Each structure stands twice: as C-alpha cells, then as structure tokens.
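A.B. asks: below: sequence and its predicted model.
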Amino acid sequence: MTENSSKTRQQAELAFSKTQTEYLARSRTISEIDAVAAEREAKTARLRELRLEKEANTEPKVTKPKKVTKR
C-alpha cells in the first residue's frame, strides 16, 4: 500500500514540477517582453521630444500652393 501511494506521490510531484517549470519559463518570457516594450516606449518618447524640440527651433517654411492641373 505504501508503495502505491509513494508512486502516486512521485507522479504528482513530477506533474507539479513540470507545471511549475512551465509557469516560471512563461513568467521569464513575459518579463523579457515587458522590458523590451519599456525600452521601446522610452526610446519613442525620447525621439518624440527631440523631434518636437527641433520643430520648435526651426522656422516654418512658407511654401507656394501647388497648381492644380485638370486632365
């Protein structure tokens, strides 16, 4: 009887270990994805600030309206 329950316990522990390993791998992957997304958002914000600063420092160009040609 103890042999049977010991075998069942080992199977349960093996199944739990597998599930736990999958969970940890998934969590690590999600953390890596979040880190990449955060870096991308920071870079985008930095580039946006630089673009806005550049636009604020440049004079607006006056362009002539394009001639509309009819075919």
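C.D. replies: Great, that's in hand. Residues are numbered from 1 along each chain as shown.

A.B. asks: contacts and neighbour counts: CA atoms only from here.
C.D. replies: Fine.

A.B. asks: what helices and strands are in contact with the helix or strand containing residue 53?
C.D. replies: Residue 53 is located in helix 2-57, with elements delineated by DSSP states H and E. Helices and strands touching helix 2-57, as assessed by 3 or more CA pairs under 8 Å, 6 or more residues apart in numbering; DSSP states H and E, are absent.

A.B. asks: find the residue at the geometric middle of the chain.
C.D. replies: Per CA atoms, centre = their mean, the C-alpha nearest to the average position across the chain is that of residue 37, at 3.4 Å.

A.B. asks: gap between that residue and residue 30?
C.D. replies: Using CA to CA, to the nearest Å, one gets 10 Å for the distance from residue 37 to residue 30.

A.B. asks: ok, now residue 70?
C.D. replies: From residue 70 across to residue 30, the span is 56 Å (CA to CA).

A.B. asks: neighbour count: those two, which is higher?
C.D. replies: More crowded of residue 70 and residue 30, by other CA atoms under 10 Å: residue 30, with 12 against 4.

A.B. asks: pLDDT score for residue 3?
C.D. replies: Looking at residue 3, its pLDDT stands at 78.

A.B. asks: what's around it, how many residues?
C.D. replies: 8.

A.B. asks: and for the one 3 residues further on?
C.D. replies: The number of residues packed near residue 6 is 11, by other CA under 10 Å.

A.B. asks: can you tell me how far it is from residue 19?
C.D. replies: From residue 6 to residue 19 the distance is 20 Å (CA to CA).

A.B. asks: do residue 33 as well
C.D. replies: 21 Å.

A.B. asks: same check, this time on residue 41
C.D. replies: Counting by CA to CA, the gap from residue 41 to residue 19 is 33 Å.
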